[in-house]
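S.K.: Next input, structure requested:
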Amino acid sequence: MPPEDGARAVSERALDLWRELRTSYDQIDEALGAPDAEVLATLAKRIVSIEEDLRPLVGEIASIRTELGDQDGALVSLWQEADSLIRSLADRQPALVRAATAARDGASSALARLRLHRTQSAHYRDAPTGEPRFASRRA
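M.R.: Below you'll find the predicted structure:
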């Protein structure tokens, strides 16, 4: 197999993973609109898995790019598409982090309010159901 075929396979695999990462970012963006801890946890695990799969490919592609340069137009096109995707994801990441932080803070505030309400409810008794009793006969 010519080295260009191996380089193409590695580059295509990496590009597929970058696309999958973009899809995951889209799903996180949607999920943050109505936070569901289970959905977000699943997406976070998926993103970690994709990034772990990408790590060795990124190093390998860097070596291939250095070695082959611009010899193969199809490879260069794949790399340019991947570079564009990477820039797009890097631009989106801060907004996703802010949205996730806001969702977390909102959920935290709601839980704190519920806890306060629960604590107050535990210290107050229900209104008496019998006849009212007055402490003084003058009333």
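S.K.: State the mean pLDDT of stretch 24-41.
M.R.: Throughout stretch 24-41, pLDDT has a mean value of 76.
S.K.: Start the count at 82 instead of 1 going forward.
M.R.: Happy to do that; since the first residue is 82 now, the last one works out to stretch 105-122.
S.K.: can you pull out the helices in this protein?
M.R.: 84-114, 118-149, 154-204 (DSSP state H).
S.K.: Who are the packing partners of the last one?
M.R.: Looking back up the chat, that one is helix 154-204. Other helices and strands packing on helix 154-204, by 3 or more CB pairs under 8 Å, 6 or more residues apart in numbering; DSSP states H and E, are helix 84-114, helix 118-149. No exception for glycine: its C-beta is placed from N, CA and C like everyone else's.
S.K.: again, only this time at 7 Å
M.R.: helix 84-114 (3 or more CB pairs under 7 Å, 6 or more residues apart in numbering; DSSP states H and E).
S.K.: next one: the shortest one
M.R.: Counting contacts by 3+ CB pairs under 7 Å, 6+ apart, the secondary-structure elements packed against helix 84-114 are helix 118-149, helix 154-204.
S.K.: could I get those as TSV with distance to Ala95 and mean neighbour count?
M.R.: Output for the helices and strands packed on helix 84-114, formatted as TSV (distance: least, CB to CB, whole Å; neighbours: other CB atoms under 10 Å):
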stretch	distance to Ala95	mean neighbour count
helix 118-149	4	14
helix 154-204	6	12
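S.K.: Appreciated, that's everything.
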